Structures are given as structure tokens and as C-alpha cells.
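Q: Any chance you could fold what I've pasted below:
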Amino acid sequence: MVGSGYMGKVYTEGLVKHNTRAKLVAVHGGTRGPALAATHHVDYEPSYEKFLARSDIDAVIIATPHSGHLSQTLEAAAHGKHVLVEKPMAPNRHECDQMIAACKKANVYLEVIQTLRFRATPSRAKELIDAGTIGKVRMIRGTSVFTSYFDDHEGTGSWVIDPKNGGAFADMGVHNFDILRHFAGSDVKKVYSNLLSFSPYPVELSAMTQLAFANGVIAQQWMSFELPSPSLPDSLHRYVIVGEKGILDVDGYGKVMLGKDGKWEAVGEQPYFDPHGEPLQPTKIVAFYTQVQSFVDDILDHRPPTVPGSEGRAAVEVLDAARLSSATGKAIDLPLPD
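A: Residues are numbered from 1 along each chain as shown. Model (predicted):
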């Protein structure tokens, strides 16, 4: 485990209590690293070099501030370790490219955490889309709105407010753009976006983005951490997916509703958890340890990566395009130039 903050705590819990075919052997990094290692009776390694040199480490989970992902991944690959890295994969696509190239050269797995794909309601929606339940997808509207960005990030002095880590737009936007790509089943070909902050912080806390996909799907994504209390009900992760013969209303913290043949019915549900509460809530950590299990099984069974570096890069490229669009006031075509 590389990192000992909020997510490092989540992944260690999953490895120790839920994952199979793998075990936690050491922790590196963060002021809480020694305590996290002690909690699970494993070694704490203050030196990343010595940590990676250990023969009992086959793979690492990188759960550190985003600006550190590139160097940590390059070093891990150079030591022959497989890598599962938290989202966003890196602050920009150029760093993603370096990570992908290094892991390919070292012949190690590189996979990217994209938790929404493993949550009960988005994964159920994807099943229904792939089964043809609503026909060909035509339009998607995404909403992720909150009253604050700092609830579980230790306040405004945290790394999350440092622009080099991408800020709120990268932190949340990479979730949004990945799941939109996942639902659409296509790459994005054009982006138009407005990013800004109504609060006195050096990172954007609100964004409106319009996307066009290569297969003809069109989508909108609204993200904000600046809504007045009580915000909007059921809108932390909400997606409306319109197909040619039906509609899916997907609440990432509630139900999947299917609208078809003149009626609505519940077709899936995410067991409730408080997204701002204790990080080790059992219903919260399921998606995280489920993706870790996929990573482990991919390696041991020689399967293709479940969420490969190329998928993580694609979401980051949309972030890059959205920032460029906001800065220029123009729609941006993808792929972006190298």
C-alpha cells in the first residue's frame, strides 16, 4: 500500500478482510503510515526504494495525491511491480502516457481505480444497456453536486486545494467522464466546458460540460461543490440515460429506475451508505475491494486488465480538453495532439 490517508485506509481494510489470492505485506508513505501498518500488523517502510526492493511485494496500490502518481508508478514499474493507481490516473494525459509506456516496457499490469463502474447501480445500468433493454443509447445527463469539497479531506489546508493535484474538477470529473464513456460505449470526440469557482479557492469547484461521442451519443455533465444547503436530493451521482426505446434513471446512492412501455419500475439498488461518513462503512468499501479483486485476478489468471491505463488516460484527456475549452471559449476536438 502506497499512501495512508482516507483511501489507503479503505484499501488496506479490503485486502485484510475481503480480498482473496492476495495479502497486505507492507505500507509506505504518509504521516499515518506507521499507525496504518501497525493496525494491520504489517511492516511500515519509510523508504520507497527499500519498499519496492522487497521480494514479497508483487504489486502496489497507489493511493496518494495525484501529482505523485507518475513518479511512484515509474519507480514501481522499474522494480517489476504491477500497479493499481487511484483516479485520476495523473493530472494530465502526458503523464498518463509516460505511466503506460513504463509499465508496458516493464511488462507489468497498470490498472486505474474507477469506482463507479463497480458500484451496484451504475454496474446494473451498464448490464441493462449491454443487454439492449433501452435500445441504442442516445443521450445522457449527469449530475454530481455537493455543498462542500472538504468534508473528508481534512479542510482547506489539504493537498486537494493545491492546483498541481488537479483540484475538484479532476477529482470528481474523472469519475463523471469515465462513467459517461462507460455508458455511451464510445470515445468522446468533442468537448465544450465552462469551469469556474464562486468561492475564493485556487481550484475550480463548478463546471458545466457538453460532450459528443464518436458513436453519436450526446451528453451533459454538471458538477459543483458550491450548492447552498440542502443542495438537491439524490444528486451526488445521478445519471439519466435515454435510449431509443427506454430510459434509465441511475442514482449512485439509491435505485436504478427503468422507464419503458409507459411505466417506471425499480430494477436495481445500491445499499445506502453516507458518502461523507466513516470510510470503512461496509456498503461503501464493496466497490473498492471488488476492483482490487479484479486487479489481483487479472494478474494471476493472465486476463486482460479490467480497467487498463488506456481507460484511465481517456478520462484524463477529457479533463484536459474541458480545461482547454473553458480557457479558450471554444469546443475542443478529441483526440488532443500529443
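Q: Report the secondary structure element holding the residue nearest to Arg323 when sequence neighbours are not counted.
A: Using C-beta to C-beta, 6 or more residues apart in numbering and skipping residues adjacent in sequence, the residue nearest Arg323 is Leu195, 6.6 Å away. In short, each C-beta sits where N, CA and C put it, glycine included. Per DSSP states H and E: Leu195 is located in strand 188-196.
Q: can you check Val316 too?
A: Short version, using DSSP H and E: Val316 is in helix 309-328.
Q: The helix or strand just after that helix pairs with which strands?
A: Counting by DSSP H and E, the element after helix 309-328 in chain order, helix or strand, is strand 332-333. Under the criterion DSSP bridges, strand 332-333 sits next to strand 188-196 (antiparallel) in its sheet.
Q: Next, the buried residues of the partner strand.
A: If you call a residue buried by 16 or more other C-beta atoms under 10 Å, then strand 188-196 has these buried ones: Val188, Lys190, Val191, Tyr192, Ser193, Leu195.
Q: got it, and stretch 171-187?
A: When burial is assessed from 16+ other C-beta under 10 Å, stretch 171-187 yields the following buried residues: 171-184, 186.
Q: which ones are touching the residue nearest to Arg323?
A: Listed by C-beta atoms under 8 Å, 6 or more residues apart in numbering, the contact set of Leu195 reads Phe169, Glu204, Ser206, Ala207, Ala322, Arg323, Ser326.
Q: Any regions of the stretch 201-338 of the chain where pLDDT drops low?
A: Applying pLDDT under 70 to the stretch 201-338 of the chain flags no residue at all.
Q: ranges for the helices of it?
A: 282-300, 309-328 (DSSP state H, counting those that start in this stretch).
Q: Check the stretch 51-200 of the chain too.
A: 69-78, 93-106, 120-130, 167-184.
Q: His175 reaches Arg117, doesn't it?
A: No. If you go by C-beta atoms under 8 Å, His175 and Arg117 don't touch, sitting 9.7 Å apart.
Q: what about Gly254, distance to Leu227?
A: 18 Å (C-beta to C-beta, to the nearest Å).
Q: Could you find the closest non-adjacent residue to Glu244?
A: Gly135 (3.6 Å).
Q: so, if you compare the buried residues of stretch 171-187, which one comes nearest to Asn107?
A: The closest of these to Asn107 turns out to be Asp178 (C-beta to C-beta; 25.6 Å).
Q: I'd say the closest one and Pro88 touch.
A: No. In this structure Asp178 lies outside contact range of Pro88 using C-beta under 8 Å: 9.2 Å.
Q: Find residues that contact each of these two.
A: Shared contacts of Asp178 and Pro88, defined by C-beta under 8 Å, 6+ apart, are found at Gly312, Ala315.
Q: if we can go back for a sec, taking the contacts of Leu195, tell me the two that lie furthest apart.
A: Ser206 and Arg323 (13.6 Å).
Q: Perfect, that will be all.
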